[in-house]
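Participant: sequence first, then the predicted structure, then my questions.
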Amino acid sequence: MQHRIKLRPDEVKEFVAAATKCIFDVDISYNRYIVDAKSIIGVLGLNFNQVLTVSYNGYDADFEEYLRKFAVAC
């Protein structure tokens, strides 16, 4: 699955905590930069002026609901 989101630096800690609860791998990327969404240092290294893409193979209803508040219209 993929979701396009907009994230602010002050939301990173909460985002990483939500991703860490998932039992599957979660990546976050923009352009050619891909980092582990469960890594606070990796996520903080991203450019928050960009629309970010969250990618994962699995399903967690709580994580899906959490991502909705950051969703960007395509």
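Facilitator: Yep, it's here. Residues are numbered from 1 along each chain as shown.
Participant: okay, now the nearest residue to Thr20 once chain neighbours are set aside: neighbour count?
Facilitator: Closest residue to Thr20 apart from its sequence neighbours, by C-beta to C-beta, 6 or more residues apart in numbering: Lys38 at 4.8 Å. For the C-beta atoms, the positions are set from N, CA and C on the backbone; glycine is no exception. Look at Lys38: counted by other C-beta atoms under 10 Å, it has 19 neighbours.
Participant: Val54 looks like it's in a strand, true?
Facilitator: Yes. Judged by DSSP: H, G, I helix; E, B strand; the rest coil, Val54 forms part of a strand.
Participant: name the SS class of Gln50, please.
Facilitator: Gln50 ends up coil, using three-state DSSP.
Participant: if we can go back for a sec, the residue nearest to Thr20 touches Phe15, doesn't it?
Facilitator: No. Lys38 is not in contact with Phe15 according to C-beta atoms under 8 Å; the separation is 9.9 Å.
Participant: returning to what we had before: and the residue nearest to Thr20, that one's in a helix?
Facilitator: No. Counting by three-state DSSP, Lys38 falls outside a helix, being coil.
Participant: fine, thanks again, bye for now.
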